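Peer 1: need a structure here:
(one chain, ligands or ions: 2)
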Amino acid sequence: MTAAIPVRHMDFQFDARELDDQFYLKTEFATAFFEALSIFLTFGEDLVIDTARYHRQFLTDPQLKQRVTTLIAQEAIHSKMHNQFNDELAKHRFPVPLYRFLADKVFKYGFKQLPHRMQLSLMAGIEHFTAVLSEYMMKHEQVFYSTEDEKQRALWMWHMLEESEHKDIAYDVFQTLSGSYPLRVAGFALAAFTILVLVPLGGSVIPLLRKPTLALHPRYWKDVAYSLTLLAGPKDGVFGSTMGHILDYLRPDFHPSDHDTTEYLEYYKEKLLHPETGLLTPYLVREFVPALRA
Ligand SMILES: [Fe+2]
Ligand SMILES: [Fe+2]
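Peer 2: Ligands and ions are numbered 1, 2, ... in the order given. Reported below is the predicted structural model:
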């Protein structure tokens with residue numbers, strides 16, 4: 001039996017004046033990837049919410065239903081907080097309205113038109129990628145500490161903690177209601193295309209959209225090369241070094257919990273949520289566990 005996961009209401013009060021636009025290890029280019037992710041993720045989260053809500057009615061196990069309610073609530077708060085953060089990004093000339101416009105079209109006329117079973121698989125695929133990312137981030141805590149931007153740090157650490165907490169819920173729903181391996185692979189492929197192609201593409205043009213003159217500075221191109229190793233480097237890069245974990249999803253008997261993050265989760269909960277010293281404590285409004293209903 002899995003322990004129930006809480007839902008945490010947060011309030012960060014983001015302020016554009018405190019925003020570090022070189023948040024990720026003092027880079028322009030890698031930071032832009034994460035800011036693009038912040039914008040696009042909210043659409044992925046809205047898809048997860050709608051899909052989970054639709055499929056919850058077909059579940060019979062009260063515990064799984066309760067976990068789905070937690071997933072929906074956690075994602076709803078992620079989406080809300082990232083949207084508030086993204087509003088501040090817009091004040092730093094990040095192309096927030098443009099990317100919201102584009103993502104809205106891709107989701108409305110693309111993903112949301114897919115059959116429900118395919119959306120269910122896509123949801124599980126998206127959640128696999130956020131699980132991989134959260135495990136990487138929990139194992140590489142130092143990436144959050146080259147900045148003074150405490151709120152952005154708290155936003156990402158809180159989000160990553162919860163992605164890891166709920167990493168197997170979407171997958172369990174998919175396996176319960178479908179379990180089709182070919183369909184799982186199709187959802188994975190679509191999620192991979194979105195997260196490994198569309199988001200990086202969106203991120204890659206941000207620095208020059210914001211400051212076109214950067215192209216004239218050799219310093220910027222050094223930043224690009226360094227950022228690419230941070231993101232795609234096989235040794236320690238966010239996606240380069242986690243390719244094995246990403247592709248493990250294709251193993252027919254894969255389960256998210258095969259990648260045990262219990263120890264990291266315990267460490268993070270203590271570090272982030274300790275009533276006096278927790279990094280998230282100043283921003284935590286309240287937390288609750290959804291009721292168990294038959
Ligand atoms: Fe999320
Ligand atoms: Fe998630």
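Peer 1: which parts of stretch 171-183 are buried?
Peer 2: Neighbour counts over stretch 171-183 (16 or more other CB atoms under 10 Å) mark 171, 172, 173, 174, 178, 183 as buried. (Each C-beta comes from the backbone N, C-alpha and C, glycine too.)
Peer 1: swap in stretch 225-237?
Peer 2: Using 16+ other CB under 10 Å as the test for burial, stretch 225-237 gives 226, 227, 228, 230, 231, 232, 237.
Peer 1: ok so, going back, just the ones of the buried residues of stretch 171-183 in helices?
Peer 2: Mapping those onto helices (DSSP state H) picks out 171, 172, 173, 174, 183.
Peer 1: part of a strand, is residue 20?
Peer 2: No. Assigned with DSSP: H, G, I helix; E, B strand; the rest coil, residue 20 falls outside any strand and is coil.
Peer 1: Counting neighbours, what do you get for it?
Peer 2: Neighbours of residue 20 under the rule other CB atoms under 10 Å: 17.
Peer 1: Could I get the contacting residues of it?
Peer 2: 147, 148, 149, 152 (CB atoms under 8 Å, 6 or more residues apart in numbering).
Peer 1: ok, it to residue 194 distance?
Peer 2: Distance, residue 20 to residue 194, by CB to CB, to the nearest Å: 26 Å.
Peer 1: and which of the contacts of residue 20 is nearest to ligand 1?
Peer 2: residue 152 (15.6 Å; CB to the ion).
Peer 1: was I right about the closest one contacting residue 21?
Peer 2: No. Taking contacts as CB atoms under 8 Å, residue 152 lies outside contact range of residue 21: 9.8 Å.
Peer 1: between those two, which one's more packed in?
Peer 2: residue 152 (26 against 19).
Peer 1: any idea how far ligand 1 is from the residue lying closest to that one once chain neighbours are set aside?
Peer 2: With CB to CB, 6 or more residues apart in numbering as the criterion, residue 152 has its nearest non-adjacent residue at 5.2 Å, and that residue is residue 23. Computed as CB to the ion, to the nearest Å, the residue 23 to ligand 1 distance reads 18 Å.
Peer 1: before we move on, what about residue 40?
Peer 2: 12 Å.
Peer 1: Which neighbouring elements make contact with the helix or strand that residue falls within?
Peer 2: Using DSSP states H and E, residue 40 sits within helix 29-56. Secondary-structure packing of helix 29-56 (3 or more CB pairs under 8 Å, 6 or more residues apart in numbering; DSSP states H and E): helix 62-90, helix 96-109, helix 116-139, helix 169-177, helix 199-210, helix 218-232.
Peer 1: Which single residue of this protein ends up nearest ligand 1?
Peer 2: residue 78 (3.5 Å).
Peer 1: what sits against that residue?
Peer 2: Taking CB under 8 Å, 6+ apart, we find residue 78 in contact with 41, 42, 45, 159, 162.
Peer 1: right, and the third one touches residue 75 too?
Peer 2: Same thing as residue 45. Yes. At 4.4 Å, residue 45 and residue 75 qualify as touching, with contact defined as CB under 8 Å.
Peer 1: More neighbours: those two, which one.
Peer 2: Set residue 45 next to residue 75 and count neighbours by other CB under 10 Å: residue 75 wins out with 27 against 23.
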